[in-house]
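1. One predicted model, sequence on top.
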Amino acid sequence: MTELRDLTHILCVPEQQARRNTTQRKALRAYLPELVQLERILAEAPEYFSATVEGMARVGDLELPLYRVDIGQADADRPALLIVGGVHGLERIGTQVVTAWMQTLANRLRWDSNLARLLEQVRIVVMPILNPGGMFLNQRCNPSGVDLMRNAPISAQDPSTFLLGGQRLSPRLPWYMGKADQEMEPENLALKGVIDEVITGRPFCLSLDCHSGFGWQDQIWFPYAYRRRPMRRLESVFALKLLWEKVYPDHNYVMEPQSNHYLTHGDLWDYFYKRHNRQGEGTFIPLTLELGSWRWIRKRPRQLLKLEGLFNPLVPHRLQRVLRSHLLFLNFLLDATAHYNNWLPADDQTQALRTAALLHWYPDQS
């Protein structure tokens with residue numbers, strides 16, 4: 001059994017645990033085991049890990065922390081990798097993938113000196129459960145009924161699918177964006193604060209937001225979701241795609257813009273991308289991992305009888321397979337972030353790569 005280490009570097013974990021009474025702890029174990037698992041990882045983590053609480057989500061009398069976990073001590077002028085999970089409370093598998101990767105890093109750092117040296121060159125920031133209230137309640141939206149992925153101040157430029165693209169009719173309907181005259185939800189404001197602090201002043205930042213969605217195949221989406229025109233630095237995403245496919249040619253991901261599927265209002269990553277990719281600043285590439293849930297349903301159709309079965313693998317051996325199958329991609333993103341100078345397009349490569357990306361992803365616009 002692993003010995004518990006000095007907890008002075010993650011004081012928020014025992015503090016949060018101590019504030020809960022017996023009834024609340026039982027409720028968490030029953031309805032939010034992902035938070036219990038996360039706090040266990042943090043309590044046993046090596047000194048490379050530090051955690052802070054960026055906000056609280058309230059469900060009745062229960063306060064649920066929004067944890068931010070920093071891994072490594074890289075300086076502010078080094079690149080950063082941001083990993084987010086649990087934006088939608090029903091999609092628990094996203095958080096489970098993120099925490100499984102964190103557990104792997106924690107265990108490796110006890111013996112892997114190469115990983116320890118790598119973390120001197122890159123900062124990892126993780127928000128494993130952005131929507132703990134929604135996850136506790138087993139619902140897609142947050143406790144206020146707002147879909148966090150439709151809540152940013154950005155509107156689709158072309159017609160979007162009714163309801164799916166975001167709606168302000170009622171929080172009783174799915175994909176509710178919130179009221180037009182209100183600022184973003186507290187969970188998104190917490191994420192905004194983290195992103196502003198992490199990205200500002202850094203030469204390069206890569207992010208991955210882990211979700212589960214309908215489809216037969218795992219997909220990696222990138223902006224935009226609010227319009228069908230290409231993003232500003234499309235060549236950088238294409239260079240990352242080529243790098244991934246050269247290193248791992250037998251992968252099963254499909255990488256493409258989200259607008260190939262549908263347009264939405266209020267997309268978080270469109271908002272953050274436009275906010276931080278200004279001329280003369282560092283490069284920011286936001287990616288979204290959409291795990292294809294139809295395969296799990298096809299192999300076990302009775303999952304349709306449970307709401308969580310639409311988005312998560314419910315059979316233990318299938319869950320284990322999903323958790324281990326994405327570790328390779330997350331580790332690749334870490335290495336790619338640390339060594340971004342070796343693959344990010346130089347000025348003389350930009351136009352050729354952008355032309356190739358347009359032909360590949362936007363053939364009707366090239």
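-> Looks like it arrived, so ask away. Just so it is clear, the structure is predicted and the values come from calculations on it, not from any experiment.
2. where exactly do the strands run in the stretch 201-350 of the chain?
-> For the stretch 201-350 of the chain, strands defined by DSSP state E, counting those that start in this stretch occupy the ranges 204-213, 219-222, 254-257, 283-292.
3. Throw those into CSV and include mean neighbour count, distance to residue 331 and mean pLDDT, thanks.
-> For glycine as for every other residue, the C-beta is placed from the backbone atoms N, C-alpha and C. Shown next, in CSV, are the strands of the stretch 201-350 of the chain (neighbours: other CB atoms under 10 Å; distance: least, CB to CB, whole Å; pLDDT from 0 to 100):
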stretch, mean neighbour count, distance to residue 331, mean pLDDT
strand 204-213, 23, 12, 96
strand 219-222, 22, 15, 97
strand 254-257, 18, 17, 96
strand 283-292, 22, 14, 96
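4. Start and end of stretch 274-282, how far apart?
-> Stretch 274-282 has an end-to-end distance of 13 Å (CA to CA, to the nearest Å).
5. quick one: the helices in the chain?
-> Secondary structure of the chain (DSSP state H): helices at 12-18, 22-31, 33-44, 92-108, 113-118, 132-136, 186-199, 234-247, 268-276, 294-299, 316-325, 327-338, 347-361.
6. so how far is residue 93 from residue 325?
-> 11 Å (CB to CB, to the nearest Å).
7. Between those two, tell me which one has more neighbours.
-> residue 93 (25 against 13; other CB atoms under 10 Å).
8. per-residue confidence for the more buried one?
-> The score at residue 93 is 97. That number is its pLDDT.
9. shaky segments in the stretch 251-366 of the chain?
-> Filtered on pLDDT under 70, the stretch 251-366 of the chain yields the residue ranges 279-280, 366.
10. If you count neighbours, what's buried in stretch 189-202?
-> Within stretch 189-202, the residues that qualify as buried by neighbour count (16 or more other CB atoms under 10 Å) are 190-192, 194-195, 198-199, 202.
11. Stretch 358-366 now?
-> Going by neighbour count (16+ other CB under 10 Å), the buried part of stretch 358-366 is 358, 361-362.
12. What lies in contact with that stretch?
-> 228-230, 234, 238, 256-257, 260, 355 (CB atoms under 8 Å, 6 or more residues apart in numbering).
13. how about a cut-off of 7 Å?
-> 230, 256-257 (CB atoms under 7 Å, 6 or more residues apart in numbering).
14. Over to stretch 128-137?
-> For stretch 128-137, contacts defined as CB under 7 Å, 6+ apart pick out 31-32, 34-35, 38, 57, 59, 64, 66-67, 69, 84-89, 92, 95, 98-99, 102, 140-143, 148, 187, 191.
15. Please apply the same query to stretch 268-281.
-> 148-149, 152-154, 188, 195, 199, 209, 223-226, 231-233, 284, 286, 288.
16. low pLDDT regions in the stretch 1-150 of the chain?
-> By pLDDT under 70, the low-scoring segments of the stretch 1-150 of the chain are 1-11, 18.
17. 80 - rerun?
-> 1-19 (pLDDT under 80).
18. contacting residues around the most centrally placed residue in the chain?
-> Centrality entry for the chain: nearest residue to the mean C-alpha point is residue 209, 2.0 Å, by CA atoms, centre = their mean. Applying CB under 7 Å, 6+ apart, we find residue 209 in contact with 84, 87, 269, 288.
19. change it to 10 Å
-> 82-87, 94, 98, 127, 130, 149, 191, 221, 268-269, 286-290 (CB atoms under 10 Å, 6 or more residues apart in numbering).
20. burial of the nearest residue to residue 134 once chain neighbours are set aside, as a residue count?
-> Residue nearest to residue 134 in three dimensions, not counting chain neighbours: residue 89, with 2.6 Å by CB to CB, 6 or more residues apart in numbering. Residue 89: 26 surrounding residues under other CB under 10 Å.
21. what does residue 302 give?
-> Residue 302: 9 neighbours (other CB under 10 Å).
22. Residue 147 and residue 329, how far apart?
-> From residue 147 to residue 329 the distance is 26 Å (CB to CB).
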